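**Student:** Take this sequence and fold it.
(chains A and B)
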Amino acid sequence: MSPAVWLGVAALGGVGALLRFFVDGVIAARAEGEFPIGTFVVNVTGAATLGLLAGLALTGDALVLAGTALLGSYTTFSTWMLETQRLVEEGALLTAAANALVSLGVGLGAAALGRLIGAHL
Amino acid sequence: MPGRDRRELAAILAGGAIGALVRVGLLQTGAAGAPSWPWITFAVNILGAFMLGYFATRLQERLPLSAYRRPLLGTGFCGALTTFSTVQVELLKMLDAHRYVLAVAYAGSSIVLGYASLHLATAFVRRVRAVA
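**Tutor:** Down below sits the predicted model:
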């Protein structure tokens, strides 16, 4: 990859993290209950968008920049695990299990749907 | 915008940039081909979960509150180093190839080991505190 692409990876990686911070903040501020809906919305929308890019058959530098750098940074695995583990510590076992399994199931469905839409555009 | 906010946003941007560079750099070493075990994504996710467990516990429970450490290391670096969307598309490709056992093993072990590593890091930080 060229230096310009690496620079783009750094910039879009940073933007993806900021975007996650804002979306999570807006959603979490409006939500009630203990389910970590902010991270859930971030991860599901990111999975749908990455699926869309896959459906559009994006390849090469464009896929690295928009997919791996931007959406890869926007979505997060570590916070998903942190929130699940903290729910278990608080004794909210059902919510923790729901957070782990519903995120995975809905995320996979969102990626599949995004890819289907992308393939028909 | 107050100074603390700008510093927080700059920290997230910087941490996110570094996390993405590390992840993309590691992924460049792998070859694309038939869907097999995505070792790089798997490794950064487990390692990133461990680091976030460490940082989140240590910064929240041990060190004085800081305006930029948590956004830099947690939200920025660990958040961007690890990824959820890539895992979902990797799983889709496995399902496309009818490699169902691989898909279930990949999804299951990512969650179980990611959870366990974060739990271990948390317990480690708290044990050090209890001894100190």
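**Student:** going forward, measure contacts and count neighbours with C-alpha atoms only.
**Tutor:** Will do.
**Student:** buried set for stretch A:82-96?
**Tutor:** By neighbour count on 16 or more other C-alpha atoms under 10 Å in any protein chain shown, the buried set for stretch A:82-96 is A:Leu82, A:Glu83, A:Thr84, A:Gln85, A:Arg86, A:Leu87, A:Thr95, A:Ala96.
**Student:** so does stretch A:35-53 get close to chain B?
**Tutor:** Yes. Residues of stretch A:35-53 contacting chain B under C-alpha under 8 Å from any C-alpha of the partner chain: A:Asn43, A:Val44, A:Gly46, A:Ala47, A:Ala48, A:Leu50, A:Gly51.
**Student:** hmm, who's touching that stretch?
**Tutor:** With contact meaning C-alpha atoms under 8 Å, 6 or more residues apart in numbering or on different chains, stretch A:35-53 is reached by A:20, A:23-28, A:31, A:63, A:67, A:71, A:74-76, A:79-80, A:83, A:95-96, A:99, A:103, A:106-108, A:110-119, B:84-86, B:88-89.
**Student:** Select from the residues of stretch A:35-53 next to chain B the one having the most neighbours.
**Tutor:** Using other C-alpha atoms under 10 Å in any protein chain shown as the neighbour criterion, A:Ala47 leads the residues of stretch A:35-53 next to chain B with 34 neighbours.
**Student:** Out of the residues of stretch A:35-53 next to chain B, which comes closest to B:Ile111?
**Tutor:** Taking C-alpha to C-alpha as the measure, B:Ile111 lies nearest A:Asn43 of the residues of stretch A:35-53 next to chain B, at 14.6 Å.
**Student:** can you pull out the helices in chain B?
**Tutor:** Here chain B has its helices, by DSSP state H, at B:3-28, B:39-61, B:69, B:79-81, B:85-96, B:100-131.
**Student:** Also chain A?
**Tutor:** With DSSP H as the criterion, chain A has helices at A:3-30, A:37-55, A:60-63, A:72-74, A:78-89, A:93-120.
**Student:** rewinding a little: deepest of the helices of chain B, which one?
**Tutor:** Across the helices of chain B, the average number of neighbours (mean count of other C-alpha atoms under 10 Å in any protein chain shown) peaks for helix B:79-81, which reaches a mean of 37.
**Student:** How about that helix and chain A, any contact?
**Tutor:** Yes. Applying C-alpha under 8 Å from any C-alpha, one finds helix B:79-81 in contact with chain A at B:Gly79, B:Ala80, B:Leu81.
**Student:** what's the distance between A:Val44 and B:Val22?
**Tutor:** A:Val44 is 23 Å from B:Val22, where distance means C-alpha to C-alpha, to the nearest Å.
**Student:** Now narrow the buried residues of stretch A:82-96 to whatever sits close to chain B.
**Tutor:** A:Leu82, A:Thr84, A:Gln85.
**Student:** Could you dump those residues into CSV and include pLDDT?
**Tutor:** CSV is the format used below for these (pLDDT from 0 to 100):
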residue, pLDDT
A:Leu82, 98
A:Thr84, 98
A:Gln85, 98
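**Student:** Report the contact partners of A:Leu113.
**Tutor:** Residues in contact with A:Leu113, defined by C-alpha under 8 Å, 6+ apart, are A:Ala48, A:Gly51, A:Leu52.
**Student:** of the residues you listed, closest to chain B?
**Tutor:** Among the contacts of A:Leu113, A:Gly51 lies closest to chain B (C-alpha to the nearest C-alpha), at 6.4 Å.
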